[in-house]
Each structure stands twice: as structure tokens, then as C-alpha cells.
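Novice: Sequence and predicted model, in that order:
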Amino acid sequence: MRKKCWIIIWLLLIITLVLIGVYLFTVYGYVKGELEDSQRAFNYHKSYMINLSFEGKIQKKINEVLYNHDHRYSIKLNLYKLNPKPSFGEQDYPTYYEFKTDSVLFILVSQSVFSQIRVNQKINKKVKDYYIEINEKKIQLLSKSKDKWLP
């Protein structure tokens, strides 16, 4: 009788461990898929921003303190020229950029960029460039590192 109880306990334990293993494997696969999708979206939107060209004027500088005490520096641009125009999937990528219209762009910038620019300055970005030009001065807007947005 006692031997049967131990066999049943061991079988239940093995079944429980197998079920926990299957559950963890499923969760791991889901998390891995989410991370891959996030990285793919990040790469797509960063590539779009690198290949974007625009000319415009800085309308507003925005310095927000987020809930986790990080500063988020962004600028609002009024665009005169924009190429290519954003398609449906390229209209925004929070918190990095957002097109309100084809002529209004909010974009995340580093503290360095934020401190070097002023409202009403003309801004220019060329195709396949990580830099913006302000008053004929080049300032790095995007990181050349694959996994980072800001330099």
C-alpha cells in the first residue's frame, strides 16, 4: 500500500514537472517571438528615418520628464519638403517619431542635439544620412549602432 502511494506521488510529480516544462517552453517561445518582432519593427522604423529626407523649420523644443525620471527631448518640425511621404505603417513609432500630418513631425533627439538647436532654425536631413544640418553644421541625429536610436 505504501509503495503504491509513493509510485502515485512520483508519477504526479513527474507529470507536474513535464507540464511546467511545457508551459515554460511555450512562454519562452512567446517572449522570444515578441522580442524578435520588436527588434524587427525598430530596425524597420530606424531604416525609414535614415532613408528619409526633409527640409523644414524647428517650431518647438519639448523637454518632458517621464514617469521614470528620464528626460525625453524632442522637437516639433514644420516641414517644407518631405521624401518619401509616410505610408500608413510609417506615420509613427512611439516614442521615437510621429507625423501629425505630412508637414508636421515630432522626433526624439539626444540631449546634445536638443542643446545645440533653437526654435525657428532651418533644419535639413538628407537621404541615407544619420545627421541633420542646421546653419550648415552637421549634428548627429541617429546612432550608427544597429540597436540604438540616439547617438
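Specialist: Right, received. Where do you want to start? Being a predicted model, the structure only gives us computed values, none of them experimental.
Novice: which stretches of this protein form strands?
Specialist: Listed in chain order, the strands of the chain (DSSP state E) span 53-65, 71-83, 92-93, 97-101, 104-109, 122-125, 131-134, 137-140.
Novice: Now that we have those strands, can you turn them into TSV and tack on mean pLDDT and distance to E34?
Specialist: Bear in mind the C-beta positions are built from the backbone N, C-alpha and C, glycine included. Below are the strands of the chain laid out as TSV (pLDDT from 0 to 100; distance: least, C-beta to C-beta, whole Å):
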stretch	mean pLDDT	distance to E34
strand 53-65	91	27
strand 71-83	90	23
strand 92-93	87	16
strand 97-101	89	22
strand 104-109	92	22
strand 122-125	95	31
strand 131-134	94	32
strand 137-140	93	30
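Novice: So which of these is the most surrounded?
Specialist: Neighbour counts (mean count of other C-beta atoms under 10 Å) averaged over each of the strands of the chain peak at strand 104-109, with a mean of 21.
Novice: So what are the sheet partners of that strand and their directions?
Specialist: Strand 104-109 pairs in its sheet with strand 71-83 (antiparallel), strand 97-101 (antiparallel), by DSSP bridges.
Novice: Give me the contact list for it.
Specialist: The contact list for strand 104-109, computed with C-beta atoms under 8 Å, 6 or more residues apart in numbering, reads 49, 54, 56, 59, 62, 72-79, 82, 95-100, 117, 141, 149-150.
Novice: that older thread, so which of the strands of the chain comes closest to R2?
Specialist: strand 92-93 (64.0 Å; C-beta to C-beta).
Novice: what sits up against the closest one?
Specialist: Here strand 92-93 has contacts from 41, 45, 98-99, using C-beta under 8 Å, 6+ apart.
Novice: now S112: how far from I132?
Specialist: 12 Å (C-beta to C-beta, to the nearest Å).
Novice: Identify the contacts common to the two.
Specialist: Common neighbours of S112 and I132 (C-beta under 8 Å, 6+ apart) are I139.
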